[in-house]
Each structure stands twice: as C-alpha cells, then as structure tokens.
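>>> Structure here, sequence nowhere to be found:
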C-alpha cells in the first residue's frame, strides 16, 4: 500500500523501491521464520540463499538494517519537503 501511495504522489520508481523493498523483505522473512510456521525445508533454502548472497546471516541482517534505515530517511525527507502530507 505504501508503494501505491508513493506512486500517486509522483515519486519515482527507484525511490519507491528504496523505501518499500527492505520493508517487504522484513515482512517476508518474518512470515517465513515465525515460530508458528512449519516447513523447515523452505526455511533452510532461504537461509542458504541469504548466506550465499551475503556470506553470513549477520552480514545480511546488517545490510537489511542499513537499507531500511536509508528507506526510512528518504521517507522522512519526502515528508519534510511536503511531498507527502503525513
């Protein structure tokens, strides 16, 4: 929904991705790794992919936090420039 709102405000696709992508990834990982979800094969596959891309889960976490931080800062900047009237 946030992406759609940003699009209607005329924000370019790259900036929308910078804001929304890390949040979507957090949501995806939370959904797949929450305690009440079964399917350890899928979890193992996701972990292996993350490690192959980032080296360690710790490095992936750092990367995800940094991208989220940048996205939130961009959202704050858009708000402070009155592009978004939140």
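Structure received. The structure presented is a predicted model; accordingly, all values stated were derived computationally and were not measured.
>>> okay, CA-based contacts and neighbour counts for the rest of this
Fine.
>>> So for this structure, the centremost residue is which one?
For the chain, residue 22 is the residue whose C-alpha lies nearest the centre (CA atoms, centre = their mean; 1.2 Å).
>>> Just confirm it contacts residue 67, I think it does.
Yes. Counting by CA atoms under 8 Å, residue 22 touches residue 67, with 6.2 Å between them.
>>> still on that earlier bit, how about the residue nearest to the centre of the chain, what does it touch?
64, 67, 68, 71 (CA atoms under 8 Å, 6 or more residues apart in numbering).
>>> One more pass at 10 Å, please.
Residue 22 sits next to 28, 63, 64, 65, 66, 67, 68, 69, 70, 71, 72 when contact means CA atoms under 10 Å, 6 or more residues apart in numbering.
>>> In the protein, spot the helix with the most residues.
helix 57-80 (DSSP state H).
>>> Name the surrounding residues that touch that helix.
Under CA under 10 Å, 6+ apart, the answer for helix 57-80 is 6, 11, 15-23, 25-26, 47-48, 50-51, 53-54, 56, 81-86.
>>> ok, 7 Å please
The contact list for helix 57-80 (CA atoms under 7 Å, 6 or more residues apart in numbering) reads 18, 19, 22, 23, 50, 51, 54, 84, 85, 86.
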